[in-house]
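**Q** My questions are about this predicted structure, shown below with the sequence.
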Amino acid sequence: MDSTTLFRSAALSLVCGVLALSAQAQGTDTSNDGGRYPSPKFRMGLHLLPSMAWLDVRDGQGTPEGGVVRFGFGFTADVMFADNYAVGTGINVFRNGGKLSYFDRVTGDPMDAADDSTQFLVRRERTLTQHWVELPVSFKFRTRQIGHITYWGQFGLGLGLNLRSTAKDRMDYLYRELSTATMEDEWLEETNIGVVNVEDIPVEDEAALLRAAMIVGLGLEYNLSGKTALLLGATFNNGLFNVASNRNFGPAQPEEHLETANDGSLDPAGLTGYDMKMVDNAILFSVGLLF
């Protein structure tokens, strides 16, 4: 079973579970221990999602270079099926990504637009931003209201669709290919181009279309008035599968990821390509209102 089939099967199972628990909740009479307002069977709200994101590089070649701060927003819905238990779902629209560096073989001279055939070896430092719309489905465990505060924890799964991927690159041009009559590549150290910065590069072809993540979170609801509450929370959104696509990289393509030498440097005498593997992680901070 491939990852797409597994992804669809997991989504179908989770949706069926939510529908079953929703039907059960409609037949359950919950209360708030004699308070003025009965405990609702559904809680819905809106929230902002500031986040701290980073990349976990798992191919043994790329180097993580730090995290990024991003923002998002979302809609949340809790389906209560017992006094202290709920199924949490909704829609999250957020950005994540991170910083990493690796070596590439690229084609085309950035200083000469007419030269689109010369190959170069570069060290690329990339800041990646990925835009996701995610359907989270989780089990939510809630305490009874203590004063004005209800505490909660959650555990579940997020299923995401990639809307857009962009990058900001800093490329250090190291070697230029020499034109030779032999079958083997020969490289000359590049001293003229140096470092080139490129902003807002569309990289949808280099990113996966679908994403699955494990969700673990903690938070609280502060009752403001009646059924309205302030929502505060933090969620660890841990990617499960590779979010890098390698379909446009290889010896016959304009670009190729290159393995390093034993000391971590690039060895022009022994160039070997590889497939990039990485997962994206984020801590999402929820700030919003429940009604």
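**A** Arrived safely, thanks for sending.
**Q** all strands for the protein, in order.
**A** Taking DSSP state E, the strands of the chain run over residues 42-48, 51-57, 63-66, 68-70, 73-82, 85-107, 119-142, 149-178, 186-189, 195-202, 210-225, 228-239, 256-258, 278-290.
**Q** Could you dump these into TSV and include mean neighbour count?
**A** Every residue, glycine included, has its C-beta placed from N, CA and C. Formatted as TSV, those follow (neighbours: other CB atoms under 10 Å):
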stretch	mean neighbour count
strand 42-48	17
strand 51-57	20
strand 63-66	13
strand 68-70	16
strand 73-82	19
strand 85-107	20
strand 119-142	20
strand 149-178	17
strand 186-189	12
strand 195-202	11
strand 210-225	17
strand 228-239	19
strand 256-258	21
strand 278-290	20
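**Q** can I get those in a markdown table with mean pLDDT and distance to residue 250?
**A** Shown next, in a markdown table, are the strands of the chain (pLDDT from 0 to 100; distance: least, CB to CB, whole Å):
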| stretch | mean pLDDT | distance to residue 250 |
| --- | --- | --- |
| strand 42-48 | 95 | 41 |
| strand 51-57 | 97 | 19 |
| strand 63-66 | 96 | 22 |
| strand 68-70 | 97 | 28 |
| strand 73-82 | 94 | 38 |
| strand 85-107 | 96 | 10 |
| strand 119-142 | 97 | 13 |
| strand 149-178 | 96 | 17 |
| strand 186-189 | 91 | 19 |
| strand 195-202 | 96 | 19 |
| strand 210-225 | 97 | 22 |
| strand 228-239 | 97 | 25 |
| strand 256-258 | 94 | 6 |
| strand 278-290 | 97 | 18 |
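**Q** Can you lay out the ones you listed as JSON lines showing distance to residue 269?
**A** As requested, the strands of the chain are exported to JSON lines (distance: least, CB to CB, whole Å):
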{"stretch": "strand 42-48", "distance to residue 269": "52"}
{"stretch": "strand 51-57", "distance to residue 269": "25"}
{"stretch": "strand 63-66", "distance to residue 269": "22"}
{"stretch": "strand 68-70", "distance to residue 269": "36"}
{"stretch": "strand 73-82", "distance to residue 269": "51"}
{"stretch": "strand 85-107", "distance to residue 269": "14"}
{"stretch": "strand 119-142", "distance to residue 269": "11"}
{"stretch": "strand 149-178", "distance to residue 269": "11"}
{"stretch": "strand 186-189", "distance to residue 269": "8"}
{"stretch": "strand 195-202", "distance to residue 269": "24"}
{"stretch": "strand 210-225", "distance to residue 269": "38"}
{"stretch": "strand 228-239", "distance to residue 269": "36"}
{"stretch": "strand 256-258", "distance to residue 269": "12"}
{"stretch": "strand 278-290", "distance to residue 269": "28"}
